[in-house]
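Asker: A predicted structure for the sequence below; I have some questions about it.
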Amino acid sequence: MRQADARPVLASTGLFTPPHKISNDELVGAYNAWATRWNEAHADEIAAGTLEAKALSSSEFIEKASGIRSRFVMDRSGILDVDRMSPRLPRRADEELSILAEMAVKACEDALQRAGRTAADVDAVIVACSNLQRSYPAIAIEVQNALGVKGWGFDMNVACSSATFGLRTAADMITAGSAKAILVVSPEICSAHLNFKDRDCHFIFGDVATAMLVERADLPRTTPAYEILGAKLETSFSNNIRNNLGFLNRAEHDAVVGSEEESLADRLDKPGTDLLFVQEGRKVFKDIVPLVARMIVGHMDELGLQKLDRMWLHQANLNMNRLIATKVLGREPSAEEAPVVLDRYANTSSAGSVIALHLHGDDLAPGAIGLLCSFGAGYSAGTVFLRKLAS
């Protein structure tokens, strides 16, 4: 039986929002300009029926399909440049703080400040996100060094569920006595793996970084925290969401469509490339909604919970979230019960549900029950039930 003083609590959250914003109208303008140019350049093939014309996008289509109205990004000029259609993020020298670590540090500093803590109070850093800019040294160790945390750090990736998997990992480590306080941070530059030449997904993602400070329950604190009542994780393999970009691509000469001399950059630049984010959206919707709803209801039953005051769901698709919440509650959720941030932030992968908690949690009264829930590629899903504590 675990000791009472080793119970893990979520002490605070932190948020870093990039300085640049792109509206649907701006994004559609760039895509439609590119698609029109592409159609004109391939007019003969389109007329002959050997190529299909690129359909134009619209803000109305985007909002109806997803609920997204805008997104924050680390660079907007490259994304809106019709000759480029991807963010400009210059490589930094090894001696400089990497862009992913820079975002993570800012989110961590916000979480520490909100909890009244300093880096000296933290034992470890877990960077849990969907895309890591390098294999090693770990981004977590770089963040640890930049913050001045004494201890250890490591990276982990479970796509859109990385934050909840990281939270469960940190909570288990605290329960086991491995640490008294751990930062779980999710820096997401999703714009860098998005194909802005693909009408079906060019609008989906935005950039952001979130952080969660997980501590032992017996540490003195002056701000409200959340007791972690239980965390449940589930994975099931699916090809319906993929990103095939990795270190082996340069060795895959036989796998390159076309000439073996085709460069990796050329392959990335092709519309429809499999080396950027791709998904079968309808299949994902059909698979994920019942999986997640079943998981939430089953976890509530295991914990003996009779009420659920708030659902901080993964911010991927408004229609998906409404359906999941309706299945769980047995009725349409109110705006307060299932807060939405994807209209402003778009899909920010693992960070989305944490943004919702960060922006829509302070108003909860002590004793309120909330759910932090993620789901995405893998498939992967995580449910973490929280009880608001008094300060």
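Answerer: In hand now; what should we look at? Everything quoted here is computed from the prediction, not taken from an experiment.
Asker: CA atoms for contacts and neighbours, from now on please.
Answerer: OK.
Asker: may I have the helix or strand that contains K286 as CSV, with CA atoms only?
Answerer: Element membership for K286 (DSSP states H and E) is helix 281-303. Taking C-alpha atoms only, helix 281-303 is exported to CSV below (Å, rounded to 0.1, in the frame of the first residue of the first chain):
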residue,chain,number,x,y,z
GLY,A,281,-9.5,11.3,-41.2
ARG,A,282,-12.8,9.4,-41.5
LYS,A,283,-11.2,6.2,-40.4
VAL,A,284,-9.6,7.9,-37.4
PHE,A,285,-12.9,9.5,-36.4
LYS,A,286,-14.7,6.1,-36.6
ASP,A,287,-12.1,4.3,-34.6
ILE,A,288,-11.2,6.8,-32.0
VAL,A,289,-14.6,8.0,-30.8
PRO,A,290,-15.8,4.7,-29.4
LEU,A,291,-12.3,3.7,-28.2
VAL,A,292,-11.9,6.9,-26.1
ALA,A,293,-15.6,7.0,-24.8
ARG,A,294,-15.3,3.4,-23.7
MET,A,295,-12.0,4.1,-22.0
ILE,A,296,-13.3,7.1,-20.1
VAL,A,297,-16.4,5.4,-18.9
GLY,A,298,-14.5,2.2,-17.9
HIS,A,299,-11.9,4.2,-16.0
MET,A,300,-14.6,6.2,-14.1
ASP,A,301,-16.2,2.9,-13.1
GLU,A,302,-12.8,1.5,-11.9
LEU,A,303,-12.3,4.6,-9.7
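Asker: ok, the residue of the chain positioned farthest from its centre to H42 distance?
Answerer: Distance from the C-alpha centroid of the chain, by C-alpha atoms, centre = their mean, peaks at A48 (42.1 Å). Noted for A48: a distance of 10 Å to H42, by C-alpha to C-alpha, to the nearest Å.
Asker: which stretches of the stretch 151-300 of the chain form strands?
Answerer: For the stretch 151-300 of the chain, the strands defined by DSSP state E, counting those that start in this stretch cover 152-156, 181-189, 207-216, 226-235, 241-242, 278-279.
Asker: format those as a markdown table; extra columns: mean pLDDT.
Answerer: Shown next, in a markdown table, are those (pLDDT from 0 to 100):
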| stretch | mean pLDDT |
| --- | --- |
| strand 152-156 | 98 |
| strand 181-189 | 98 |
| strand 207-216 | 98 |
| strand 226-235 | 97 |
| strand 241-242 | 93 |
| strand 278-279 | 91 |
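Asker: redo the ones you listed as CSV? Include distance to T383 and mean neighbour count.
Answerer: Listed next are these as CSV, based on distance: least, C-alpha to C-alpha, whole Å; neighbours: other C-alpha atoms under 10 Å:
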stretch, distance to T383, mean neighbour count
strand 152-156, 18, 19
strand 181-189, 16, 31
strand 207-216, 15, 29
strand 226-235, 5, 19
strand 241-242, 20, 17
strand 278-279, 23, 19
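Asker: distance to F385 for those strands - can I get that in JSON lines?
Answerer: Shown next, in JSON lines, are these (distance: least, C-alpha to C-alpha, whole Å):
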{"stretch": "strand 152-156", "distance to F385": "22"}
{"stretch": "strand 181-189", "distance to F385": "17"}
{"stretch": "strand 207-216", "distance to F385": "14"}
{"stretch": "strand 226-235", "distance to F385": "5"}
{"stretch": "strand 241-242", "distance to F385": "26"}
{"stretch": "strand 278-279", "distance to F385": "29"}
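Asker: quick one, which of those strands is nearest to R199?
Answerer: When these are compared for distance to R199 using C-alpha to C-alpha, the nearest one is strand 278-279, at 11.5 Å.
Asker: and R282, how far is that from N319?
Answerer: Per C-alpha to C-alpha, R282 is found 12 Å from N319.
Asker: swap in E332?
Answerer: 12 Å.
Asker: which secondary element of the chain has the worst mean pLDDT?
Answerer: helix 264-269 (a mean of 72; mean pLDDT, DSSP states H and E).
Asker: how about that helix: buried residues?
Answerer: For helix 264-269, burial by neighbour count (16 or more other C-alpha atoms under 10 Å) applies to R267, L268, D269.
Asker: and if you look at stretch 160-177?
Answerer: Buried-residue list, stretch 160-177, by 16+ other C-alpha under 10 Å: 160-175.
Asker: narrow those to those in helices?
Answerer: Here DSSP state H is the test, and the buried residues of stretch 160-177 give 162-175 as lying in helices.
Asker: before we move on, back to that, run the chain-centre distance for the least confident helix or strand of the chain.
Answerer: A distance of 25 Å separates the centroid of the chain from that of helix 264-269, by C-alpha atoms, centre = their mean, to the nearest Å.
Asker: same check on stretch 206-213?
Answerer: 8 Å.
Asker: wait, isn't F203 in contact with N24?
Answerer: Yes: F203 lies in contact with N24 (C-alpha atoms under 8 Å); the separation is 7.5 Å.
Asker: hey, what's in contact with both of these two?
Answerer: Common contacts of F203 and N24 (C-alpha atoms under 8 Å, 6 or more residues apart in numbering): I62, I68.
Asker: settle it for me: which of those two has more neighbours?
Answerer: F203 (29 against 19; other C-alpha atoms under 10 Å).
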